[in-house]
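Trainee: Give me a 3D structure for the following:
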Amino acid sequence: MGPVRTPLIIDTDPGVDDAFALAVAAASPEVELIGVTTVFGNVSLENTTRNALRLLALLGRDDVPVGVGASRPLVHPHPHLSSAHGSDGLSGYADTLPEATRGPDARDAVTLLRELLEQAARPVTIVPIGPLTNIALLLAAHPDLKPKIGRLVVMGGGVGGGNVTATAEFNVWSDPEAARRVLVEEDVPTTLVPMDLTRRCAVSAEWLDALAKTSAVAATLVGLTPSYLETYRRFLGWDGMAVHDAVAVAEAVRPGILSGTPFPVDVDCSFGPNRGALVVDQRLEVDAPKTLDITMDADLDGLRAFLFERLAGLAGLAG
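Mentor: Residues are numbered from 1 along each chain as shown. So this is what the prediction gives:
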């Protein structure tokens, strides 16, 4: 009997870094990818769903059901989509991916999440790496399923500032009400992977070039990065890019690869300049319960090496 694998669901809005995240999950024997759900975010829901299906085909995992989720936030309209990922979400290179061999699952995202949780023999790790709308809807509609969730590992938020505004990170800003529901009001064990850490884990163009040489699948994945890489050259000031979502999947695959600290948090849902900001109380003496585990540090070189090792293993997955 082999080692027990953790059932894993990824809720995603692909997205270049989402593509790397899906690849890390597909290449990791510690987890069993049992479902993918899509949400609006980096691009429209139609595009995120198409990208998810085609990425799974690239990775040889088109057996994984893809549930189509929310096309807009819970309450207020979404101001705009991300431009960092290009018009199609994959730097304009989505058509370099193989055609999907199947369409989306007949079940919507929340129904798929519900049924996968109900059927799971072991606690399921869910990794939301886009706006948290689908997860908020799941927890609101099916609170009885919370014991079936072993852990949420969420990519989002910024402790020391944002990327879409001075204080707000894109995923939380895209649906602050949903983020507040999931990160503040619920009691599911949750680890937050904020952009403060994921930017420090950025990979260089040389790292990407080396990865592309490991397999045709990896080369296709790296071929999706030009627009995103160009954006991050400006953001970082050097020739590299953040792989935000892949860092969150790494923590789901190997718990503890990131170092977490519990904090009291809130999400600003006002309509002022701080809308969508993650409010983290870092005072040493505070009465509020420290309910959210926020990953603030990691062995950065070790993490990059882990990601490279997993992505270099894509040679055995497809083609």
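
Trainee: Could you pull out the buried residues of the helix or strand harbouring Val127?
Mentor: Secondary structure from DSSP states H and E places Val127 in strand 124-128. Residues Val124, Thr125, Ile126, Val127, Pro128 are the ones in strand 124-128 that count as buried (16 or more other Cβ atoms under 10 Å). All C-beta atoms are positioned from the backbone trio N, CA, C, and that covers glycine.

Trainee: Looking at these, point me to the pair that's furthest apart.
Mentor: By the measure Cβ to Cβ, Val124 and Pro128 form the most distant pair in these, at 12.6 Å.

Trainee: Report the central residue of the protein.
Mentor: Nearest to the mean C-alpha position of the chain, counting by Cα atoms, centre = their mean, stands Ile129 at 2.1 Å.

Trainee: what about it, distance to Pro14?
Mentor: 9 Å (Cβ to Cβ, to the nearest Å).

Trainee: Would you map the strands across the protein?
Mentor: 6-12, 31-38, 66-68, 124-128, 149-155, 190-193, 203-204, 240-241, 258-263, 265-267, 278-280, 292-298 (DSSP state E).

Trainee: which stretches of the stretch 201-319 of the chain have low pLDDT?
Mentor: For the stretch 201-319 of the chain, applying pLDDT under 70 flags the ranges 316-319.

Trainee: where do the helices sit along it?
Mentor: Counting by DSSP state H, counting those that start in this stretch, one finds helices in the stretch 201-319 of the chain at the ranges 205-212, 216-222, 226-236, 244-253, 300-312.

Trainee: ok, and what's touching the shortest one?
Mentor: Outside of helix 216-222, the residues that reach it under the criterion Cβ atoms under 8 Å, 6 or more residues apart in numbering are 19-20, 23, 58-59, 96-97, 208-209, 211-213, 311-312, 314-315, 317-319.

Trainee: ditto for the last one
Mentor: Helix 300-312 is touched from outside by 20, 23-24, 27-28, 200-201, 203, 207, 210-211, 214-215, 218, 221, 243, 246-247, 250, 253-254, 257-258, with contacts defined as Cβ under 8 Å, 6+ apart.

Trainee: Show me which of these are buried.
Mentor: So, by 16+ other Cβ under 10 Å, the buried ones in the contacts of helix 300-312 are 20, 23-24, 27-28, 201, 203, 207, 211, 214-215, 218, 221, 243, 246-247, 250, 253, 257-258.

Trainee: If any of the contacts of helix 216-222 are buried, give me the ChimeraX selection for them.
Mentor: Those of the contacts of helix 216-222 that count as buried under 16+ other Cβ under 10 Å are selected in ChimeraX with:
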select :19,20,23,58,59,97,208,211,212,311,312,314,317,318
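
Trainee: possible to save the buried residues of strand 124-128 as TSV with distance to Val36 and pLDDT?
Mentor: Formatted as TSV, the buried residues of strand 124-128 follow (distance: Cβ to Cβ, whole Å; pLDDT from 0 to 100):
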residue	distance to Val36	pLDDT
Val124	13	98
Thr125	13	98
Ile126	11	99
Val127	10	99
Pro128	11	98
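
Trainee: and the gap between Leu45 and Gly89?
Mentor: 11 Å.

Trainee: In terms of neighbours, single out the busier of these two.
Mentor: Between Leu45 and Gly89, Gly89 has the larger neighbour count (other Cβ atoms under 10 Å), namely 30 against 18.

Trainee: distance of that one from Val4?
Mentor: 34 Å.

Trainee: circling back: most packed of the helices of the stretch 201-319 of the chain?
Mentor: helix 244-253 (a mean of 28; mean count of other Cβ atoms under 10 Å).

Trainee: counting contacts, what elements does it pack onto?
Mentor: Contacts defined by 3 or more Cβ pairs under 8 Å, 6 or more residues apart in numbering; DSSP states H and E place helix 244-253 against strand 6-12, helix 16-26, strand 124-128, strand 149-155, strand 190-193, helix 195-200, strand 258-263, helix 300-312.

Trainee: what's the closest of those to Phe271?
Mentor: helix 195-200 (22.5 Å).

Trainee: can you list contacts of the closest one?
Mentor: For helix 195-200, the external contacting residues (Cβ under 8 Å, 6+ apart) are 155-160, 162-163, 169, 235-236, 242-244, 247-248, 258, 295-298, 300.
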